[in-house]
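1. requesting a structural model of the entry that follows:
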Amino acid sequence: MTEPDQQDTILRPDAMSVALDSPVPDDAAFFDPDDEHTVVRDPTAPAIAGSDEADDDEEDEPHPTEALRFRVSNGAAQVLLDEDVHIGRNPRPPRLDRGTPVRLLRVDSPTGVISSSHLGLRRVGSTAVAADLMSTNGTVVFLPGFPPRRLRQGESVVAPPGTRLEIGEGIVIEVIRPSALG
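-> Numbers count the residues shown, from 1 in each chain. Here you go, the predicted structure:
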């Protein structure tokens, strides 16, 4: 019988062929999810016994009326999550070009608590993924129905609609529920 925490793990032979003595990159790109071999599931969605959602590629693009958006608590309008976004007091694009555009979203941080490039948001299929971009003071995640928790540096988490991400100085990024779009 498979252990519960391993039921969502998918291992592919080409992903396991890295030699154990290979050097580990020290770049933040090391923390980017490998879209080809990563299965992202909404942690708030109920598990469906016996389903094989990993091979279901039909839901890669959300329906236009269900477009993912987010808003920043400092008064910014809703932002369409149609490309990767780096949020911080002076955000910069990733050092390694992945061939996809990155929108840079600057937030005020009078005391410098928010890192230059603090938080990354990206769409993976019909889901948002939030990643701490090696921030100094961390990111607190408020997932619907779960207690708040602080992300480790470089850690990422699936961010379903309703998720709030606190990056400091009262700045909260909220993933918008599709029904809340206007």
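2. what packs against the helix or strand containing Leu104?
-> Using DSSP states H and E, Leu104 sits within strand 102-106. With contacts defined as 3 or more Cβ pairs under 8 Å, 6 or more residues apart in numbering; DSSP states H and E, strand 102-106 has these neighbours: strand 84-88. Just so you know, the C-beta spots here come from the backbone N, C-alpha and C atoms, and that holds for glycine as well.
3. direction included, what does the strand it packs on pair against?
-> Each strand paired with strand 84-88, and its direction, by DSSP bridges: strand 102-106 (parallel), strand 119-124 (antiparallel).
4. compare the ones you listed and give me the one nearest Ala77.
-> The closest approach between Ala77 and any of the strands paired with strand 84-88, judged by Cβ to Cβ, belongs to strand 102-106 at 11.4 Å.
5. over stretch 169-182, what's the mean pLDDT, rounded is fine.
-> Model confidence over stretch 169-182, given as mean pLDDT, is 78.
6. now render the strands paired with strand 84-88 as CSV, adding mean pLDDT and mean neighbour count.
-> Conversion of the strands paired with strand 84-88 to CSV gives the following (pLDDT from 0 to 100; neighbours: other Cβ atoms under 10 Å):
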stretch, mean pLDDT, mean neighbour count
strand 102-106, 94, 16
strand 119-124, 93, 21
